[in-house]
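> Sequence first, predicted coordinates after that:
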Amino acid sequence: MYGGNPNQGGNYGYQGGQGGQGGQRPPYQQQGYQQQQGYQGRPGPQGNPNQGGGYQPMPPQQQQIMSFFHAVDSDRSGALDSAELQRALMNGDWSPFSIETTRLMVSMFDSDCSGTISGNEFLNLWRYIEQWRECFMHFDRDRSGMIDKQELHNALKNFNFAVTPQIVDLFVKKANNLDGAKATRNRESVSFDRFIWICVSTKMLSDSFASMDNQRSGRVTFTLDQYLVDHIRNS
């Protein structure tokens, strides 16, 4: 099983529309997050504010987000590169997102393939991050501000990814090795941004595997575990 349609089960995936349009925020399930798929499609700007009735003022929350966007746009280009975006994205302990997660966000939300994030793309990215923040808080059962291996495994199983404890352990080790000194506080857990990175990476890798597994048997010329191990180690 590679997970169901991201619109099924009240998941927290983000499904982008075609042609850089839209994407819907999945509903919150009070009973928990079921079959949540980290990411499907490439989110783009959510419609044109001038459609169907002329110009409409930006809501206060969006104004605040855009004020933050302009504050980190250090070169005043009107778009954020990976380094600028990294300064905008913070974990709960105020540490910045890792560069790997930041680049992943750029690749997902850069709808015009410019290599940067525009204002509209930043608004979509911000909403996506907030969805993941709620999801993270749901699975952080001990309220430590980190996700340990068991919590991560529970999350991935709840998202309908049939990964083994070996894969979870490998992901956590990989994340902590990439984080270096920042990870010394607890090498058995991962931060908020690494939780996103792991879940989205699992989704992308599972989709890639599924495209080769025409019989949906969980096997091609190698197992899903072998495929994930190879890609985690070499990514």
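Perfect, I can see it now.
> Residue 139 and residue 192: what is the separation?
11 Å (Cβ to Cβ, to the nearest Å). Using the backbone N, CA and C atoms, a C-beta is placed for each residue, glycine as well.
> Give me the more crowded residue out of these two.
Per other Cβ atoms under 10 Å, whichever of residue 139 and residue 192 has more neighbours is residue 192, with 25 against 20.
> Look at the residue nearest to the more buried one when sequence neighbours are not counted and say how many residues are nearby.
Spatial nearest neighbour of residue 192, excluding adjacent residues (Cβ to Cβ, 6 or more residues apart in numbering): residue 91 at 4.6 Å. By other Cβ under 10 Å, the residues close to residue 91 number 20.
> Contact partners for residue 91?
By Cβ atoms under 8 Å, 6 or more residues apart in numbering, residue 91 lies in contact with 97, 191, 192, 193.
> Please tell me I have it right and the third one contacts residue 92.
To tie it back to what came earlier, the one meant is residue 192. Yes. Between residue 192 and residue 92 a contact is recorded at 5.9 Å, counting by Cβ atoms under 8 Å.
> which ones are touching the residue nearest the centre of the chain?
Nearest to the geometric centre of the chain sits residue 196, at 4.2 Å (Cα atoms, centre = their mean). Residue 196 sits next to 38, 101, 104, 129, 132, 136 when contact means Cβ under 8 Å, 6+ apart.
> which stretches of the chain form strands?
With DSSP state E as the criterion, the chain has strands at 15-16, 23-24, 79-80, 117-118, 147-148, 189-190.
> Tell me the buried residues in stretch 67-80?
Buried residues in stretch 67-80, defined by neighbour count with 16 or more other Cβ atoms under 10 Å: 69, 73, 79, 80.
> Just the CA coordinates for it, please, in PDB.
C-alpha atoms of stretch 67-80 as PDB (Å, rounded to 0.1, in the frame of the first residue of the first chain):
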ATOM      1  CA  SER A  67       5.200  41.900   5.700                       C
ATOM      2  CA  PHE A  68       7.400  39.000   6.800                       C
ATOM      3  CA  PHE A  69       8.100  38.100   3.200                       C
ATOM      4  CA  HIS A  70       9.400  41.600   2.500                       C
ATOM      5  CA  ALA A  71      11.400  41.700   5.700                       C
ATOM      6  CA  VAL A  72      13.500  38.600   4.700                       C
ATOM      7  CA  ASP A  73      13.700  39.700   1.000                       C
ATOM      8  CA  SER A  74      17.100  41.200   1.700                       C
ATOM      9  CA  ASP A  75      18.000  42.000  -2.000                       C
ATOM     10  CA  ARG A  76      14.500  43.500  -2.600                       C
ATOM     11  CA  SER A  77      14.000  41.400  -5.600                       C
ATOM     12  CA  GLY A  78      10.400  40.600  -4.900                       C
ATOM     13  CA  ALA A  79      11.200  36.900  -4.500                       C
ATOM     14  CA  LEU A  80      13.000  34.700  -2.000                       C
END
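> 779 is where my numbering starts, stick with that
Got it, the first residue is 779 from now on, which makes the last one we talked about stretch 845-858.
> can you list contacts of it?
Here stretch 845-858 has contacts from 862, 863, 865, 866, 892, 894, 895, 896, 897, 900, using Cβ under 8 Å, 6+ apart.
> Skip the chain neighbours and tell me the closest residue to residue 947.
In space, and not counting its chain neighbours, residue 947 is closest to residue 927: 6.3 Å by Cβ to Cβ, 6+ apart.
> any idea how far residue 942 is from residue 991?
As for residue 942, its distance to residue 991 is 17 Å (criterion: Cβ to Cβ).
> Correction: the previous question concerned residue 984.
Remark: distance between residue 984 and residue 991 (Cβ to Cβ) = 10 Å.
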